[in-house]
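In: after the sequence you'll find the predicted model.
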Amino acid sequence: MSTIWVDLTGSQVRFSGKKYKTRVIESGEGEALLLIHGVGGHAEAYSRNVVRLGKQYHTMAFDLLWHGYSGKPPYNERSIPTYAEQIVDLLDAFGIEKAHIEGESLGGWVGLWFALHYPDRLGKLILNTTAGIKFDPGTIQERPAEGRQLLRQRSMEAINNPTRETIRKRLEWLMASPDRVTDELVEVRYRIYSDRESQKSLTDVFNNSFGDGDSRTFQIPAQRLKDIKAPTLVLWTDKNPGTGPDVGQYISSLIPGARFSCLKDAAHWPQWEQPQAHDEAVLSFLKE
């Protein structure tokens, strides 16, 4: 039987950081590999990957600030730079000089910012259905009604009225098939979204991400991607809501030397939907 905590057997959970309180789920030794979830998410997004990847790397999935069980200081609309500072704080707390980073959606955006502003602390970069790139008009094909608009609607419903039903609908947006959302996953997120402190912080996060906040200020202009020096894998899926594999291929064409890989039968959470294929792609890239 596969459950979040059966999958995570052999890992450990701890809080770390000097400036920021960061919850980490970790496994393994060796080179560090950080796994960063998407907007509104938490470290359990990578529960099916931490132990397998931990057989070859010191793998750490963690909660971003204002998410999960990490710290919730007064919300700072400079969230993207602050997330990058959180990574530096976490690496310093562990005594790690540099780490590989995989970021999913918002996590990819954070990874891009980190790559541009802290290149000496980064090994390799994996962009998993990444968000946060400001494309020139007419360069990509987007389907906002099934992508960011629907995500905004379901995110706001889930945090304004956290029930198991609204949270399940929000999680279903991530999956190519709704039956991949387990009752356990719903319950974990329900516990987080029902917490009053989390409700307040995630309301701020969502308003900034989907409303009139400053998050657009920190989008990465497409022309800046040429400045990324880290070896990069752009990981996409055939059923990603809003943007198809052509967008992932286009992103990879803008980053010098980047590789592109498309995972089949997955939407916005390939690490959960196709964990073995995801991990094989990641490990193959890291071992090159």
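Out: Looks like it came in fine.

In: what strand or helix carries residue 61?
Out: strand 58-62 (DSSP states H and E).

In: tell me the strands beside that strand, with direction?
Out: strand 22-27 (antiparallel), strand 32-36 (parallel) (DSSP bridges).

In: give me the contact list for the last one.
Out: For strand 32-36, contacts defined as C-beta atoms under 8 Å, 6 or more residues apart in numbering pick out 43, 45-46, 49-50, 53, 57-62, 64, 87, 90-91, 94, 96, 98-104, 106-108, 110-111, 123, 271, 286. Yep, even glycine has a C-beta here, placed from its N, CA and C like the rest.

In: alpha carbons of it, as CSV, please.
Out: Below are the C-alpha coordinates for strand 32-36, written out as CSV (Å, rounded to 0.1, in the frame of the first residue of the first chain):
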residue,chain,number,x,y,z
ALA,A,32,22.4,18.3,-1.9
LEU,A,33,19.2,18.3,-4.0
LEU,A,34,16.4,20.7,-3.0
LEU,A,35,12.9,20.0,-4.2
ILE,A,36,10.5,23.1,-4.2
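
In: now the strand holding residue 61: mean pLDDT?
Out: Average pLDDT, strand 58-62: 98.

In: kindly report the same for stretch 273-282.
Out: Stretch 273-282 comes out at a mean pLDDT of 98.

In: just the CA atoms of that stretch, as PDB, please.
Out: What follows is stretch 273-282, C-alpha atoms only, in PDB (Å, rounded to 0.1, in the frame of the first residue of the first chain):
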ATOM      1  CA  GLU A 273       1.600  11.200 -11.100                       C
ATOM      2  CA  GLN A 274       4.600   9.400 -12.700                       C
ATOM      3  CA  PRO A 275       7.100   9.300  -9.800                       C
ATOM      4  CA  GLN A 276       9.400   6.600 -11.300                       C
ATOM      5  CA  ALA A 277       9.600   8.200 -14.700                       C
ATOM      6  CA  HIS A 278      10.200  11.600 -13.100                       C
ATOM      7  CA  ASP A 279      13.000  10.300 -10.800                       C
ATOM      8  CA  GLU A 280      14.700   8.500 -13.700                       C
ATOM      9  CA  ALA A 281      14.700  11.700 -15.800                       C
ATOM     10  CA  VAL A 282      16.100  13.700 -12.900                       C
END
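
In: buried set for that stretch?
Out: For stretch 273-282, burial by neighbour count (16 or more other C-beta atoms under 10 Å) applies to 273-275, 277-279, 281-282.

In: and what of stretch 239-254?
Out: 239-245, 247-248, 250-252, 254.

In: take those and lay them out in JSON lines including pLDDT and secondary structure.
Out: JSON lines is the format used below for the buried residues of stretch 239-254 (pLDDT from 0 to 100; DSSP: H, G, I helix; E, B strand; the rest coil):
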{"residue": "239", "pLDDT": "98", "secondary structure": "coil"}
{"residue": "240", "pLDDT": "98", "secondary structure": "coil"}
{"residue": "241", "pLDDT": "97", "secondary structure": "coil"}
{"residue": "242", "pLDDT": "95", "secondary structure": "coil"}
{"residue": "243", "pLDDT": "96", "secondary structure": "coil"}
{"residue": "244", "pLDDT": "97", "secondary structure": "coil"}
{"residue": "245", "pLDDT": "98", "secondary structure": "helix"}
{"residue": "247", "pLDDT": "98", "secondary structure": "helix"}
{"residue": "248", "pLDDT": "98", "secondary structure": "helix"}
{"residue": "250", "pLDDT": "98", "secondary structure": "helix"}
{"residue": "251", "pLDDT": "98", "secondary structure": "helix"}
{"residue": "252", "pLDDT": "98", "secondary structure": "helix"}
{"residue": "254", "pLDDT": "98", "secondary structure": "helix"}
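
In: mind putting those residues in a markdown table, distance to residue 118 included?
Out: Converted to a markdown table, the buried residues of stretch 239-254 look like this (distance: C-beta to C-beta, whole Å):
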| residue | distance to residue 118 |
| --- | --- |
| 239 | 33 |
| 240 | 27 |
| 241 | 30 |
| 242 | 28 |
| 243 | 27 |
| 244 | 31 |
| 245 | 29 |
| 247 | 26 |
| 248 | 24 |
| 250 | 25 |
| 251 | 20 |
| 252 | 22 |
| 254 | 20 |
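
In: quick one: contacts for the spatially closest residue to residue 205 that is not a sequence neighbour?
Out: Among residues not flanking residue 205 along the chain, residue 66 sits closest, at 5.3 Å (C-beta to C-beta, 6 or more residues apart in numbering). With contact set as C-beta under 8 Å, 6+ apart, residue 66 has these partners: 72, 75, 79, 201-202, 204-205.
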